[in-house]
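>>> predicted model and sequence follow; I will ask about them next.
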Amino acid sequence: MNIESYQENGYLRIKNFLTDSQVAELHKVLSDFHQLWKGKNPEFYQQQAVNSAYLTSEEFLNSQQRQLLFNCIGSAKLMRLVKHLIPEQACFLNTQLFFDPVNKQQANYWHRDPQYHLSVEQQKAALSALEVIHFRLPVVDERGIELVPGTHKRWDSDEELDVRLEQNNRKNNEALSTGEAIELSAGDLLIFSANMIHRGLYGMDRLAFDILFCQPDASIIEFVRDDCLPSPQMLLGVEDASAFDNTVKIKAESQSRQ
C-alpha cells in the first residue's frame, strides 16, 4: 500500500480488490437492501436521495446478509489497509450505499462531509484533527468520484470555497479547475478522506458500498448505532473484528462516564 500517496493526495485507488464472486455476493445483498429501503422511503428516494445508510442494522437485512457485510468489513485484507491509515485503535463508524438520483437532471455537488455539521471555522480546524475515511467498494462499473487532491490537509482556494458553499453567485455543481475524476470498476476499492473536497459522478446506475472508519474519539463514536454492530456470536465469524471491538469499547467507556 502506498501510504505516502494517500497522505499527500487524500485518496488511493486499488484495482480489482474484490474477486468476481465476492462482487456478486455483495451485489445481491446491496440490491436487496436497496429495494427494501426504497419501499420504506419512497418520497425521499423520488425527490432527491443519492445515498442511504445503516446497512448493517436489522431493519432490512436478515442475519445471514448482515454477516456477509460484517465479514466484508472485518476481512483481514481490508483491515490491513485500515490499520495502515489509522494505526491506533481504528474504529468502525457506519456504512452507506450510493446510487443515482431518480431525476436524471439532478446535479451533483462539491462538498466536504463535515460541512453538514460543522461551522466554517470548525471545518478548518478538522483538517488537522480527527479524520474519517471512506472505503468505497462499487459492485457495478461507474463513473466514480471527482475530488480535489490534497484538500484533506489544506483549506479551500477562493474558487473552491465559493463553489462549495455557493458564494458570490457560484453554484456547488460547477466545474472546479482543481478537480480530478476517478473512474471505478466493479470490485475496485477507493479509499478517500471525508475531509477532502469531492463529489459523486452520477450515471451508469451506480451502486457503491461505503464503509467508514475513524479514529478512537468518543465524540464521533457516540453516533454509532448499537443495532448496526455485530452480536458477539457474529463477531466469531469475522477475520479481524478489531474495528468493531474498538467501537464497542469506546462506546461503553463513554456511557459509563455519563
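In hand now; what should we look at? From a predicted model like this one, the values you see are computed outputs, not experimental measurements.

>>> please count neighbours and contacts with C-alpha atoms only from this point.
Noted.

>>> so what's Ile221 up against?
For Ile221, the contacting residues are 91, 93, 247, 250-251, taking CA atoms under 8 Å, 6 or more residues apart in numbering as the criterion.

>>> among those residues, name the ones in helices.
Here DSSP state H is the test, and these give 247, 250-251 as lying in helices.

>>> CSV for those residues, including pLDDT?
Compiled in CSV, the ones in helices among the contacts of Ile221 are given as follows (pLDDT from 0 to 100):
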residue, pLDDT
Thr247, 97
Ile250, 94
Lys251, 92
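
>>> what comes up buried for the longest helix seen in the chain?
Of all the elements of type helix in the chain, the one with the most residues (DSSP H) is helix 20-40. When neighbours are counted by 16 or more other CA atoms under 10 Å, the buried residues of helix 20-40 are found to be 23-24, 26-27, 29-30, 33-34, 37.

>>> with stretch 129-146 instead?
Taking 16+ other CA under 10 Å as the basis for neighbour counts, the residues of stretch 129-146 that come out buried are 131-146.

>>> residues in contact with it?
Contacts of stretch 129-146 with the rest of the structure, by CA under 8 Å, 6+ apart, involve 23-24, 26-27, 179-195, 198-215, 217.

>>> got the CA positions of that stretch in PDB?
The C-alpha coordinates for stretch 129-146 follow below in PDB (Å, rounded to 0.1, in the frame of the first residue of the first chain):
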ATOM      1  CA  ALA A 129      -7.700  17.000  13.900                       C
ATOM      2  CA  LEU A 130      -9.800  13.900  13.500                       C
ATOM      3  CA  GLU A 131     -10.200  12.000  10.300                       C
ATOM      4  CA  VAL A 132     -13.000   9.800   8.900                       C
ATOM      5  CA  ILE A 133     -12.000   7.600   6.000                       C
ATOM      6  CA  HIS A 134     -14.300   6.100   3.300                       C
ATOM      7  CA  PHE A 135     -13.500   2.700   1.900                       C
ATOM      8  CA  ARG A 136     -15.700   2.500  -1.200                       C
ATOM      9  CA  LEU A 137     -16.500  -0.800  -3.000                       C
ATOM     10  CA  PRO A 138     -18.500  -0.400  -6.200                       C
ATOM     11  CA  VAL A 139     -20.400  -3.500  -7.300                       C
ATOM     12  CA  VAL A 140     -21.000  -2.200 -10.800                       C
ATOM     13  CA  ASP A 141     -18.800  -0.200 -13.200                       C
ATOM     14  CA  GLU A 142     -19.400   3.500 -12.600                       C
ATOM     15  CA  ARG A 143     -18.200   7.000 -13.500                       C
ATOM     16  CA  GLY A 144     -16.800   7.100 -10.000                       C
ATOM     17  CA  ILE A 145     -16.000  10.200  -8.000                       C
ATOM     18  CA  GLU A 146     -14.400  13.600  -8.600                       C
END
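
>>> which strands or helices does the longest helix of the chain pack on?
Taking 3 or more CA pairs under 8 Å, 6 or more residues apart in numbering; DSSP states H and E as the contact definition, the neighbouring helices and strands of helix 20-40 are helix 63-73.

>>> circling back: any idea how far the helix or strand following the longest helix of the chain is from the chain center?
Scanning forward in sequence from helix 20-40, with DSSP states H and E defining helices and strands, the next element found is helix 42-47. Averaged C-alpha coordinates place helix 42-47 at 21 Å from its chain's average position (CA atoms, centre = their mean, to the nearest Å).

>>> for helix 42-47, packing partners?
Contact partners of helix 42-47 among helices and strands, from 3+ CA pairs under 8 Å, 6+ apart: none.

>>> what ranges do the strands span in the chain?
Counting by DSSP state E, residue ranges of the strands within the chain are 11-14, 51-53, 91-99, 132-138, 142-147, 180-184, 189-193, 198-200, 207-214.

>>> run the chain-centre distance for the third one.
Okay, so that is strand 91-99. Centre to centre, stretch against its chain (CA atoms, centre = their mean), the figure for strand 91-99 is 5 Å.
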